[in-house]
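**Q** Got a sequence here, can you build the structure:
(one chain, ligands or ions: 1)
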Amino acid sequence: MSKPASVLFVCLGNICRSPTAEGVFRKLVEQAGLQDHILIDSCGTSNWHIGKGPDLRSQEAAGKRGVDISTLKARQFTEKDLDAFNYVVVMDRQNLADVKDIWHQNGGTTPALFLEYGRSELAEVPDPYFGGEDGFEHVLDLIEDAGADLLRTIQESMA
Ligand code: 4NP
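**A** Predicted coordinates for the structure are as follows:
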């Protein structure tokens, strides 16, 4: 296994979807025994919640599935991330447009929608912030499915 991989999950606030994706994906990577070969992080396109922990509703929903995201802290996406990570995976089309603005100026890794992976017919992981508890469960379902497929893709690229 020669080529190391690095994955950055991006959403708007870095307090709901992308920290959930970071936690779920880290668990999948650990289960596959690849924690020394795949670097994982998350961030937000906005500066709104820098330094804050994940939304308590995300922490609770992830915790019920055995994923602890309580120690994560929000940070903002920067152009350096496009050089540092070889998978830059975003949650929705607005995230994609925001990251692509920077990508056009900087170059580096081409950002992709997370739900290009997995079996969902949705293109975007919906923002659960202003909705009810169901939204957080739906986000987890989508992330678990897409995360498993992303990991398979990375494993194939490392082989
Ligand atoms: P996230 O969700 O992008 O999944 O972290 C949001 C978090 C906060 C806000 C919007 C979306 N907000 O408006 O503060």
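**Q** Now do stretch 73-80, average pLDDT.
**A** For stretch 73-80, the mean per-residue pLDDT is 98.
**Q** whoops, stretch 37-51 was the one
**A** Taken as a whole, stretch 37-51 has a mean pLDDT of 98.
**Q** now do stretch 100-111
**A** On average, the pLDDT along stretch 100-111 is 98.
**Q** contact partners of it?
**A** Under the criterion C-beta atoms under 8 Å, 6 or more residues apart in numbering, residues 10, 77-79, 82-83, 85-90, 95-96, 99 lie in contact with stretch 100-111. C-beta here means a position set from N, CA and C on the backbone, and glycine is covered the same way.
**Q** Export that stretch to PDB, keeping only CA atoms.
**A** Only the C-alpha atoms of stretch 100-111 are listed here, as PDB (Å, rounded to 0.1, in the frame of the first residue of the first chain):
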ATOM      1  CA  LYS A 100     -14.700  26.000  -7.100                       C
ATOM      2  CA  ASP A 101     -14.400  29.700  -6.900                       C
ATOM      3  CA  ILE A 102     -11.200  29.200  -5.000                       C
ATOM      4  CA  TRP A 103     -10.200  26.200  -7.100                       C
ATOM      5  CA  HIS A 104     -10.300  28.300 -10.300                       C
ATOM      6  CA  GLN A 105      -7.800  30.700  -8.700                       C
ATOM      7  CA  ASN A 106      -5.600  28.100  -7.000                       C
ATOM      8  CA  GLY A 107      -5.800  24.800  -8.900                       C
ATOM      9  CA  GLY A 108      -5.200  21.600  -6.900                       C
ATOM     10  CA  THR A 109      -7.700  18.800  -6.200                       C
ATOM     11  CA  THR A 110     -11.000  19.100  -8.100                       C
ATOM     12  CA  PRO A 111     -13.800  19.200  -5.600                       C
END
